[in-house]
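[1] Give me the fold of what follows.
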Amino acid sequence: MKTIVLATDFTHNANRVARFAAQLAYDQKATLLLVHAFHVWPDNPAKVGDFPLSVEATRESSEKSLHRLAADLHDLVGIEVPIRCIAQEGHTMEAIRHVTKAEHADLLVMSTVGSAPQSAQLMGSIATGMVAETEVPLLLIPPHIVYAGLKNVVLGINLAVPPNAVSLDKALNFSRLFGSILNVLCISDKPNDPETHHQAEHIRHLLNPQPHTLTIESGEEIYDTLLAFAHSNRADLIIMLPQMRKWIQKLFSEGETQRMARLTDIPLLAVV
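    Take a look at the predicted model:
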């Protein structure tokens, strides 16, 4: 892993997750890129100029905050972790996507909530919305999580929708990078059906030679089943493989990974 992007809005939760990302970058010997998206409103020609809410003034203020955060993180992990700062103008999700693509990011890290965790659980947040928009793997960190390594990973697979082979391979690579124990949970509404076991064996074949456990459980509510399994296995991380969804589906409903991102109390890695 070469480049980890941390998107921040400088809230308490975002700053806490920045510490998580810095420690992860230290362990992975990766560069940490701190990104803050800003948008000047209203969008009109008058925004250009030397006044408090101009693009230039807003960018300068954002960069100062980013450099203060970088200094705090260097105090935490030392100067051997390269830290860069980018203040990117634009609407938040679009700006973050632009940076991750331009910088060839290997991982995007965000807090699941900003300054209103209860609202985020009910309605979601920018971070949970990024699940459907990101083009790089997205690591979402819930409140109160402190970095202590990612040694015990649960990979959730819905057998009703065969996993993308490329995404599955990426998930396995992350597990290897983290040096994790991998526990695979295959969820099916027909756990005793021979076809279910055939599908599970196919996944087991794809997982070799990665050391792992594989469990099949029934569950109509993927969120409940996966989170209960993760807690019972004392997981440090849940990995999910979001499925491609049409724009009309995104408009009227959230995906299973988005719902998990909104409600989980365990870090979640959405591998795309």
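[2] Would you mind giving the domain segments of the protein?
    The record's domain split for the chain, according to automatic domain parsing, is 3-141, 152-270.
[3] Quote the end-to-end distance of the longest one.
    Distance between the boundary residues of domain 3-141 (Cα to Cα, to the nearest Å) amounts to 18 Å.
[4] residue ranges with poor pLDDT in the stretch 151-272 of the chain?
    Applying pLDDT under 70 to the stretch 151-272 of the chain flags the ranges 244-254.
[5] just the helices in it please.
    For the stretch 151-272 of the chain, applying DSSP state H, counting those that start in this stretch gives helices covering 165-178, 194-207, 222-232, 247-252, 256-263.
[6] Just put those helices in a markdown table and tack on distance to Leu33 and mean neighbour count.
    C-beta coordinates here come from the backbone N, C-alpha and C atoms, glycine included. Listed next are the helices of the stretch 151-272 of the chain as a markdown table, based on distance: least, Cβ to Cβ, whole Å; neighbours: other Cβ atoms under 10 Å:
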| stretch | distance to Leu33 | mean neighbour count |
| --- | --- | --- |
| helix 165-178 | 18 | 17 |
| helix 194-207 | 31 | 14 |
| helix 222-232 | 29 | 17 |
| helix 247-252 | 27 | 9 |
| helix 256-263 | 22 | 23 |
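[7] With respect to Tyr26, which of these lies nearest?
    With Cβ to Cβ, the closest approach to Tyr26 among these belongs to helix 165-178: 13.2 Å.
[8] For the closest one, name the packing helices and strands.
    The contact analysis (3 or more Cβ pairs under 8 Å, 6 or more residues apart in numbering; DSSP states H and E) places helix 165-178 against strand 152-158, helix 194-207, strand 237-240.
[9] how does it look with 10 Å?
    Other elements packing on helix 165-178 under the criterion 3 or more Cβ pairs under 10 Å, 6 or more residues apart in numbering; DSSP states H and E are helix 12-28, strand 152-158, strand 181-188, helix 194-207, strand 237-240, strand 268-270.
[10] Would you give the sheet partners of the fifth one, along with the direction of each?
    When pairing is defined by DSSP bridges, strand 237-240 lines up against strand 152-158 (parallel), strand 268-270 (parallel).
[11] buried stuff in it?
    237-240 (16 or more other Cβ atoms under 10 Å).
[12] so which of these comes closest to Pro162?
    Closest to Pro162, out of all of those and judged by Cβ to Cβ, is Met240, at 14.4 Å.
[13] where along the stretch 1-150 of the chain do the helices fall?
    Applying DSSP H, counting those that start in this stretch to the stretch 1-150 of the chain gives helices spanning 12-28, 55-77, 92-102, 117-123, 126-129.
[14] For Asp224, which of those helices is the nearest?
    So among these, helix 117-123 is nearest, using Cβ to Cβ, at 15.0 Å.
[15] That closest one - what's its average pLDDT?
    Mean pLDDT, helix 117-123: 40.
[16] how about the helices of the stretch 1-150 of the chain in JSON lines, adding distance to Thr225?
    Converted to JSON lines, the helices of the stretch 1-150 of the chain look like this (distance: least, Cβ to Cβ, whole Å):
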{"stretch": "helix 12-28", "distance to Thr225": "26"}
{"stretch": "helix 55-77", "distance to Thr225": "36"}
{"stretch": "helix 92-102", "distance to Thr225": "29"}
{"stretch": "helix 117-123", "distance to Thr225": "19"}
{"stretch": "helix 126-129", "distance to Thr225": "20"}
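[17] which residues does His205 contact?
    Contact analysis of His205 by Cβ atoms under 10 Å, 6 or more residues apart in numbering lists nothing.
[18] meant to ask about Leu32, not that
    Residues in contact with Leu32 (Cβ under 10 Å, 6+ apart) are 3-6, 18, 21-26, 70, 73-74, 77, 81-85, 109.
[19] Now, of these, which are buried?
    Buried among the contacts of Leu32 (16+ other Cβ under 10 Å): 3-6, 18, 21-26, 70, 73-74, 77, 81, 83, 85, 109.
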